[in-house]
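Asker: Sequence first, predicted model second:
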Amino acid sequence: MTREGTVRTHVVLPAELVRQIDELVGKRRRSAFIEDAVGERMKRERLRKALEATAGMLKDNYPPEWETPETTREWLKEIRASGEERLRRIWSHDDVPPGHHGPR
């Protein structure tokens, strides 16, 4: 019996691999384990394809902040400092709306 929305399929795997899966998760969890493993591999493959498709797309158009490691580091410091300052303003008691108490 299969769950709704699932398809029974025949997959050939090495006996040793199946033995290791069963040892790790048990025979009754084999399908769920393989489903999770394949899902993880699918995510990695989609990410790899996306990275390949976009690799180098900014090479001729880098923002000035990315030109050197030093300019990038300085740019990140500025962004982080402005974010921290914004959070301080947001959570200062003068700016907290009635009924809110800021971060806990």
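Answerer: Sure thing, it's come through. Residues are numbered from 1 along each chain as shown.
Asker: Can you point out the buried residues in the lowest-mean-pLDDT helix or strand in the chain?
Answerer: Within the chain, no helix or strand scores below helix 69-91, which has a mean of 89 by mean pLDDT, DSSP states H and E. Of the residues in helix 69-91, none count as buried by neighbour count, 16 or more other C-beta atoms under 10 Å. All C-beta atoms are positioned from the backbone trio N, CA, C, and that covers glycine.
Asker: Restricting to C-alpha, output it in CSV.
Answerer: C-alpha atoms of helix 69-91 as CSV (Å, rounded to 0.1, in the frame of the first residue of the first chain):
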residue,chain,number,x,y,z
PRO,A,69,39.1,42.6,-0.2
GLU,A,70,39.8,45.9,1.7
THR,A,71,37.0,47.8,0.0
THR,A,72,34.6,44.9,0.6
ARG,A,73,35.6,44.6,4.2
GLU,A,74,35.0,48.4,4.8
TRP,A,75,31.7,48.3,3.0
LEU,A,76,30.5,45.4,5.2
LYS,A,77,31.6,47.2,8.3
GLU,A,78,29.5,50.2,7.3
ILE,A,79,26.5,48.1,6.5
ARG,A,80,26.7,46.3,9.8
ALA,A,81,27.2,49.5,11.8
SER,A,82,24.2,51.1,10.1
GLY,A,83,22.1,48.0,10.9
GLU,A,84,23.2,48.1,14.5
GLU,A,85,22.4,51.8,14.8
ARG,A,86,19.0,51.2,13.2
LEU,A,87,18.2,48.5,15.7
ARG,A,88,19.2,50.7,18.6
ARG,A,89,16.9,53.4,17.3
ILE,A,90,14.0,50.9,16.7
TRP,A,91,14.4,49.4,20.2
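Asker: what distance separates that helix from the centre of its chain?
Answerer: Mean-position distance between helix 69-91 and its chain equals 23 Å (C-alpha atoms, centre = their mean, to the nearest Å).
Asker: can you list the residues that contact the longest helix along the chain?
Answerer: In the chain, ranked by residue count with DSSP state H as the criterion, the top helix is helix 30-54. Applying C-beta atoms under 8 Å, 6 or more residues apart in numbering, the external contacts of helix 30-54 come out as Val11, Val18, Ile21, Asp22, Leu24, Val25.
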